[in-house]
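Peer 1: Please find the sequence and the predicted model below.
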Amino acid sequence: MSPPNSAPDMRYSLPSTFTEDDIPTPPAKIEHKEITIESTLSEDSLPPQDGKRAWTVAFGLYLIALSGGLPNCIMQDYYIRNNTFASESNVQVQLTFVGTLFQVLAFAFVFGANILFNIAGFRCVLFLGIFLTVVGLTLSSLATSIWQLYLAISVCTGLGTSCFSAMGLRILPQWFVKRRSTAFGVQACTYAITQLITPFVMVAINNALGPSWTLRILGFIFFAITITATLFIRERVGPSPAGAQKPKLNFAAIFKNLNMMIWVVVGPIQLYAAYTTFVFLPSYGTYIGLTDVQGGSLIAIISAIGIVGRIAAGVLGDRYGNLNTYIICMVFATISELVIWVFAFNYGMLIFFVLVNGLVYGSYLTLAAPVAINIVGMENYPAAVSVNMLAFILAIFGPLLAGYVESQNHEHPFLYCKVIAGVGFGACVILSSILRFRLNRNFIAKV
């Protein structure tokens, strides 16, 4: 008992039934939960993939991709036939290098354009591509020496084209899942369409108005097409949380991924085999006695049938697996080079060769991105496609190697070119088969 004069005990004691579950949740956790719910709702509110909106965006990307098939050989032929740069030495070699440098930069700068895409957003890359492409074509119309063509066509237009390539490679996969390969197949056709139609337009304008107006008109045309494309192109992304950092390209993860590096190696090998066929096919036609019209028709046919082949590769890739489709395409490409072309000594057999080869030679351009996504996922895909496109530079020098080897062949003209191209396609069969079974050992699996 307490003394009568002592103060009452004011201490509070917890009830025996109190547990930790009765402690209220801290506000920080409630705030985090609300942000997560908001992000989920914003993702659900995005337009559906593979739908009408997706194909509308794809249409805009297809329009800007048309510049990738610009046929520099038409202007090169005009300059040589009319002695435009007669005061300079090695004109043919220098003009050939204009187109070669254009292709190198169009592939290589995709690496830089992807980094710029992450830093400044797709609109910056899009309008930079429009500016460089149009300015390059316009300034080339004022060229009075070949080095000016290097700056205008090779550098400006080449870098602009690489910006457009980066746009398609980054945005198209956001909008498609089930029909992703089909969408890339249609995009790959745009290059062939440009190469099929533009030469006739350029030749007609060259003969009527001269080369300067040809390049200016091409600049006006591409400006109108690309500006129209900006009305359709959109990213499929939700709003980023406040304070969120922009994603970085993880190149280290790509170089450590053996499967991805195998796929990267396949690209330049297949492209060099295809380039070798394109470069030497007209000359081979002349060698066996075909007219220049017949030789030119071979290139037109292989380009036209390539449009069908690239779309078909995409459709089959979506249905049966991208790697499965690619391996089958490369088997037919190898047979066409080592069996059909080796024994093609007349126009009819060459037509048969270009029909078979044309259906399959462009399959990598269609399936490269979908296979890369299957290997590394969408998170690392931007870095993977940057490395992949950078490796394409090696393919540009394939015809140079084939030309050197062929120059040492005096007994069987063009045989080495046929074998080199066929071996290249065959190597793609072996490497892609290794990759396919590293990913899935089931023979009937969709890979």
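Peer 2: Structure received.
Peer 1: Could you use CA atoms for every contact and neighbour count after this?
Peer 2: Fine.
Peer 1: show me where pLDDT drops low in the stretch 251-400 of the chain?
Peer 2: Flagging of the stretch 251-400 of the chain using pLDDT under 70 yields the residue ranges 292, 399-400.
Peer 1: go on, the stretch 1-150 of the chain?
Peer 2: In the stretch 1-150 of the chain, residues with pLDDT under 70: 1-44, 69, 71-74.
Peer 1: And the helices in it, which stretches?
Peer 2: 27-44, 52-65, 72-81, 91-108, 110-120, 122-140, 146-149 (DSSP state H, counting those that start in this stretch).
Peer 1: Make a markdown table out of the ones you listed and add mean neighbour count and distance to residue 299.
Peer 2: Converted to a markdown table, the helices of the stretch 1-150 of the chain look like this (neighbours: other Cα atoms under 10 Å; distance: least, Cα to Cα, whole Å):
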| stretch | mean neighbour count | distance to residue 299 |
| --- | --- | --- |
| helix 27-44 | 11 | 47 |
| helix 52-65 | 21 | 21 |
| helix 72-81 | 15 | 13 |
| helix 91-108 | 20 | 18 |
| helix 110-120 | 19 | 28 |
| helix 122-140 | 22 | 25 |
| helix 146-149 | 18 | 26 |
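Peer 1: would you list the ones you listed in a markdown table and tack on distance to residue 288?
Peer 2: Formatted as a markdown table, the helices of the stretch 1-150 of the chain follow (distance: least, Cα to Cα, whole Å):
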| stretch | distance to residue 288 |
| --- | --- |
| helix 27-44 | 61 |
| helix 52-65 | 36 |
| helix 72-81 | 23 |
| helix 91-108 | 24 |
| helix 110-120 | 40 |
| helix 122-140 | 37 |
| helix 146-149 | 34 |
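Peer 1: Select, out of those helices, the one closest to residue 220.
Peer 2: Counting by Cα to Cα, residue 220 lies closest to helix 122-140 out of the helices of the stretch 1-150 of the chain; the figure is 7.3 Å.
Peer 1: Name the residues that touch that closest one?
Peer 2: The contact list for helix 122-140 (Cα atoms under 8 Å, 6 or more residues apart in numbering) reads 113, 116-117, 148-149, 151-153, 155-164, 167, 212, 215-216, 218-220, 222-223, 226-227, 230, 235.
Peer 1: how near is the closest residue to residue 229 other than its chain neighbours to residue 420?
Peer 2: Counting by Cα to Cα, 6 or more residues apart in numbering, residue 60 is the residue found nearest to residue 229 once chain neighbours are left out, at 4.3 Å. Remark: distance between residue 60 and residue 420 (Cα to Cα, to the nearest Å) = 38 Å.
Peer 1: And residue 370, by the same measure?
Peer 2: Counting by Cα to Cα - residue 370 and residue 420 are separated by 28 Å.
Peer 1: now swap in residue 216 and tell me
Peer 2: From residue 216 over to residue 420 (counting by Cα to Cα), the distance is 39 Å.
Peer 1: Who has more neighbours out of these two?
Peer 2: residue 420 (24 against 20; other Cα atoms under 10 Å).
Peer 1: Just the buried residues of the strand or helix carrying the more buried one, please?
Peer 2: Assigned by DSSP states H and E, residue 420 belongs to helix 415-439. For helix 415-439, burial by neighbour count (16 or more other Cα atoms under 10 Å) applies to 415-429, 432-433, 435-436.
Peer 1: Contacts for it next, please.
Peer 2: By Cα under 8 Å, 6+ apart, helix 415-439 touches 259, 262-263, 266, 269-270, 272-274, 276-277, 280, 323-324, 326-327, 330-331, 333-338, 341-342, 402-403, 405-406, 409, 447.
Peer 1: Repeat the analysis, applying 6 Å as the threshold.
Peer 2: Contact partners of helix 415-439, identified using Cα atoms under 6 Å, 6 or more residues apart in numbering, comprise 266, 269-270, 273, 327, 330, 334, 337-338, 402, 406.
Peer 1: In strands, which of those residues fall?
Peer 2: Counting by DSSP state E, the contacts of helix 415-439 place none of their members in strands.
Peer 1: Just give me the neighbour total for residue 215.
Peer 2: By other Cα under 10 Å, the residues close to residue 215 number 23.
Peer 1: For residue 226, give its distance to residue 232.
Peer 2: 10 Å.
Peer 1: right, I mislabeled it, should have said residue 53
Peer 2: With distances taken as Cα to Cα, residue 53 is found 9 Å from residue 232.
Peer 1: and the residue lying closest to residue 259 once chain neighbours are set aside, how far is that from residue 322?
Peer 2: Sequence neighbours aside, residue 435 is the residue nearest to residue 259 in space, at 6.2 Å (criterion: Cα to Cα, 6+ apart). In this view, residue 435 and residue 322 are 12 Å apart by Cα to Cα.
Peer 1: roughly how far apart are residue 378 and residue 264?
Peer 2: Distance from residue 378 to residue 264, by Cα to Cα: 17 Å.
Peer 1: These two: which is more packed in?
Peer 2: Ranked by neighbour count (other Cα under 10 Å), residue 378 and residue 264 place residue 264 first, with 23 against 16.
Peer 1: tell me the SS of that one?
Peer 2: Three-state call for residue 264 (DSSP: H, G, I helix; E, B strand; the rest coil): helix.
Peer 1: Find the helix or strand that the nearest residue to it once chain neighbours are set aside is a member of.
Peer 2: Leaving out its chain neighbours, the residue that sits closest to residue 264 by Cα to Cα, 6+ apart is residue 388, at 5.1 Å. Per DSSP H and E, residue 388 falls inside helix 363-391.
Peer 1: and that helix with helix 415-439, angle?
Peer 2: 90 degrees (axes from the mean of the first three to the mean of the last three Cα atoms, to 10 degrees).
Peer 1: let's number from 574 now, not from 1
Peer 2: From this message on, residue numbering opens at 574, which makes the last subject helix 936-964.
Peer 1: From the contact counts, what lies against the helix or strand following helix 936-964?
Peer 2: Of the helices and strands lying after helix 936-964 in sequence (DSSP H and E), the nearest is helix 966-969. Secondary-structure packing of helix 966-969 (3 or more Cα pairs under 6 Å, 6 or more residues apart in numbering; DSSP states H and E): helix 831-860.
Peer 1: Just the buried positions in the helix it packs on, please.
Peer 2: 832-834, 836-858.
Peer 1: Distance from the chain centre to it, please.
Peer 2: 15 Å (Cα atoms, centre = their mean, to the nearest Å).
Peer 1: now for the next helix or strand after it, which elements pack on it?
Peer 2: Next in sequence after helix 831-860, counting helices and strands by DSSP H and E, comes helix 865-893. When contacts are defined as 3+ Cα pairs under 6 Å, 6+ apart, helix 865-893 sits against helix 753-782, helix 920-933.
Peer 1: Let's have the ones you listed in a markdown table, adding distance to residue 694.
Peer 2: Below are the helices and strands packed on helix 865-893 laid out as a markdown table (distance: least, Cα to Cα, whole Å):
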| stretch | distance to residue 694 |
| --- | --- |
| helix 753-782 | 21 |
| helix 920-933 | 35 |
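Peer 1: Distance to residue 695 and mean neighbour count for the ones you listed - can I get that in TSV?
Peer 2: Converted to TSV, the helices and strands packed on helix 865-893 look like this (distance: least, Cα to Cα, whole Å; neighbours: other Cα atoms under 10 Å):
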stretch	distance to residue 695	mean neighbour count
helix 753-782	18	20
helix 920-933	32	20
